[in-house]
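*Asks:* Following is a predicted model, sequence given first.
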Amino acid sequence: MFLRDEYYDKILNIMKLVKEEEESKIREAGKIIGRVVSEGNVVHIFGSGHSDMLAKEVFQRAGSLACINRIFDPSDGMAERLETWGISLMKKYDVKKGEVIIIFSNSGRNPSPIEIAEYCKEKGLQVIAITNLNHSKGTESRHSSGKKLYEVADVVIDNHGELGDAAIEIPGMKEKSGPTSTVIGALIINMIMLDAIQYCIDKGYEPPIIVSQNLDGKDERNLELWQKYRSRIGAI
C-alpha cells in the first residue's frame, strides 16, 4: 500500500470516529453558536500557532457567517508559550457576556489558548475547544497553573488525532508524517457552523451567510453584511 493510501484510510477512519463519538458535542456547540448569532451577536475564534489556519477556515469566506471575529496573533504562534501573551491579545478585542469563543489548539498545552479560554470565561463567554485529547493528555502543560485547554473549556471536541499529530509511519524512519488535525479540524468546524445555521433557521432567523465574491451580482449583499458587523470585527 502507498503511504498516501494509508493516509486516506486513516482520515476516513477518524472522520467516522468524529461522527460517532463527537456528534452530540458538535450539536451542542452548534446550538450555542446559533443562539449567539440569532441574537445578533458575534462569534469569536482563535487558533493557536498553526491552528490559525482553522480559524481562517470560517473567517470572511464564502459559505461562512459574517459575524465571525478572528482573534489575530501577530506573532504567528511564536509567542504562544509565553504567559500573559494570550491575555494581551484579548484585551484588544470587544468580547461581551453571553457570546462564545471557539479555540483551536491541537496540543492544548501552551499558555496562550489556556489564558484566552480563562479570560473569556471571566468575561461571561462560553468556550468551545477543538483539541487532540490523545496529545493533550500525553504531555505536560506549559502553563504555570498546570491546566490544559480541555480542562478550562465548557465544550470539548476531540479531533481524535495521535500523539504528535502525524499518523503515518515511514519505513526506515523513526519520524511519522501525515498530520490529521487540519483536515479533521476543518470538518469539525464546518459541521458546527452548519448546525448553528440550522438552529437559526429553526428559530426563524436568517443567518448572515457570506456569498462568494466571485459570483456575479453578490458584492452588494456581502457589503451589507460587512457593514452590519464591522464595528465588532477585528481589534479595537
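*Replies:* Right, received. Where do you want to start?
*Asks:* Let me see the ranges of the helices in the protein.
*Replies:* 3-21, 23-38, 52-56, 85-90, 111-122, 133-137, 181-202, 219-229 (DSSP state H).
*Asks:* Out of those, flag the one nearest residue 144.
*Replies:* helix 111-122 (8.0 Å; Cβ to Cβ). For every residue, glycine as well, the C-beta is placed using N, CA and C.
*Asks:* That closest one - contacts with which helices or strands?
*Replies:* strand 43-47, helix 85-90, strand 100-105, strand 126-131 (3 or more Cβ pairs under 8 Å, 6 or more residues apart in numbering; DSSP states H and E).
*Asks:* returning to what we had before: any chance of the helices of the chain in TSV with distance to residue 157 and mean pLDDT as columns?
*Replies:* Formatted as TSV, those follow (distance: least, Cβ to Cβ, whole Å; pLDDT from 0 to 100):
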stretch	distance to residue 157	mean pLDDT
helix 3-21	8	98
helix 23-38	5	98
helix 52-56	12	97
helix 85-90	20	97
helix 111-122	14	98
helix 133-137	10	98
helix 181-202	6	98
helix 219-229	25	91
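*Asks:* mind putting those in a markdown table, mean neighbour count and distance to residue 165 included?
*Replies:* A markdown table is the format used below for those (neighbours: other Cβ atoms under 10 Å; distance: least, Cβ to Cβ, whole Å):
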| stretch | mean neighbour count | distance to residue 165 |
| --- | --- | --- |
| helix 3-21 | 14 | 12 |
| helix 23-38 | 20 | 20 |
| helix 52-56 | 20 | 13 |
| helix 85-90 | 19 | 21 |
| helix 111-122 | 24 | 15 |
| helix 133-137 | 18 | 7 |
| helix 181-202 | 20 | 5 |
| helix 219-229 | 13 | 33 |
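*Asks:* Take these and write them to JSON lines, including distance to residue 105.
*Replies:* JSON lines is the format used below for those (distance: least, Cβ to Cβ, whole Å):
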{"stretch": "helix 3-21", "distance to residue 105": "17"}
{"stretch": "helix 23-38", "distance to residue 105": "15"}
{"stretch": "helix 52-56", "distance to residue 105": "10"}
{"stretch": "helix 85-90", "distance to residue 105": "11"}
{"stretch": "helix 111-122", "distance to residue 105": "4"}
{"stretch": "helix 133-137", "distance to residue 105": "8"}
{"stretch": "helix 181-202", "distance to residue 105": "10"}
{"stretch": "helix 219-229", "distance to residue 105": "25"}
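*Asks:* Tell me which of these sits nearest to residue 64.
*Replies:* Nearest to residue 64, of these and by Cβ to Cβ, is helix 181-202 at 6.4 Å.
*Asks:* what separates the closest one from the chain centre, distance-wise?
*Replies:* Relative to the centre of its chain, helix 181-202 is centred 10 Å away, using Cα atoms, centre = their mean, to the nearest Å.
*Asks:* quick one: contacts of it?
*Replies:* Residues from elsewhere that reach helix 181-202 (Cβ atoms under 8 Å, 6 or more residues apart in numbering): 11, 14-15, 18, 22, 26-27, 29-31, 33-35, 37-38, 43, 50-51, 53-54, 57-58, 64-65, 102, 104, 106, 128, 130, 132, 157, 159-161, 165, 206-207, 209.
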